[in-house]
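K.L.:
3D model of this:
(2 chains)
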Amino acid sequence: GAVVSQHPSRVICKSGTSVKIECRSLDFQATTMFWYRQFPKQSLMLMATSNEGSKATYEQGVEKDKFLINHASLTLSTLTVTSAHPEDSSFYICSATDDRYNEQFFGPGTRLTVL
Amino acid sequence: AQKVTQAQTEISVVEKEDVTLDCVYETRDTTYYLFWYKQPPSGELVFLIRRNSFDEQNEISGRYSWNFQKSTSSFNFTITASQVVDSAVYFCALSEATSYDKVIFGPGTSLSVIP
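P.N.:
The predicted structure is shown next:
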């Protein structure tokens, strides 16, 4: 099946710094990518929908100025957590849609810890 | 609005027992997709099955089977002869209209298989 990668897999940062997470579709083009957040022992919650070449669509309650999403190419979307705080510590998972096969594939996730 | 309910938060079974994970969904669309994912302790989501709303046939894959009933809006998952490696969190999920639209996850069921 199609492969979606995320980088880094794990990051620890100090409070107040910004962290960028990359999501790549390795063997297909993805017009649409999604970003999810998962707090410990909770479900995945959709944060935003990222469309190549246009602005991301954020779910209600997600601060777009804090979670910057850029989908500059058909194989790469980035999520930047700006001025991170300990409450932003979470597991961030992206998914990408393979337009050819009408299927969505999930990345392995990035575990963010903000000290 | 779409919603997925997994009433069982945690389940423990003894190895070799059969176990059924319940999933009830809500949607106003006539076209939708249902999914089951497995999330082991590593965190990476493992895709198990996708079923569209027009296909009510039950499916069996090895020790896994799924029962889809539109009349009760349920999409239950059964593991036969459970094994320790089946221990994980299982998510039922729903996507409306197209399979590459945003996926709404249920709260998850944590399954522990005791040797």
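K.L.:
and the pLDDT at residue B:101?
P.N.:
In this model, residue B:101 is scored at 74, pLDDT.
K.L.:
all strands of chain A, in order?
P.N.:
A:4-7, A:10-13, A:19-25, A:32-38, A:44-51, A:57-58, A:67-73, A:76-81, A:90-98, A:103-106, A:110-114 (DSSP state E).
K.L.:
outside of the third one, which residues touch it?
P.N.:
The one in question is strand A:19-25. A:2-8, A:11, A:13, A:33, A:35, A:74-81, A:84, A:92, A:94, A:96, A:98, A:105, A:107, A:110, A:112 (C-beta atoms under 8 Å, 6 or more residues apart in numbering or on different chains). For glycine as for every other residue, the C-beta is placed from the backbone atoms N, C-alpha and C.
K.L.:
ok, now the longest one?
P.N.:
Contacts of strand A:90-98 from elsewhere in the structure, counted by C-beta under 8 Å, 6+ apart, are A:2, A:4, A:6, A:21, A:23, A:25, A:28-39, A:44, A:77, A:79, A:103-112, B:43, B:45, B:100, B:103.
K.L.:
so what strands line up beside that strand?
P.N.:
strand A:32-38 (antiparallel), strand A:103-106 (antiparallel), strand A:110-114 (antiparallel) (DSSP bridges).
K.L.:
is stretch B:80-94 positioned near chain A?
P.N.:
Yes. Judged by C-beta under 8 Å from any C-beta of the partner chain, stretch B:80-94 comes into contact with chain A at residue B:91.
K.L.:
count of residues packed around residue A:60?
P.N.:
Using other C-beta atoms under 10 Å in any protein chain shown, residue A:60 has 4 neighbouring residues.
K.L.:
among the strands of chain A, which gets the worst mean confidence?
P.N.:
strand A:103-106 (a mean of 88).
K.L.:
narrow the contacts of strand A:90-98 to those that are buried.
P.N.:
For the contacts of strand A:90-98, a neighbour count by 16 or more other C-beta atoms under 10 Å in any protein chain shown gives the buried set as A:2, A:4, A:6, A:21, A:23, A:25, A:28, A:30-38, A:44, A:77, A:79, A:103-110, A:112, B:45, B:100, B:103.
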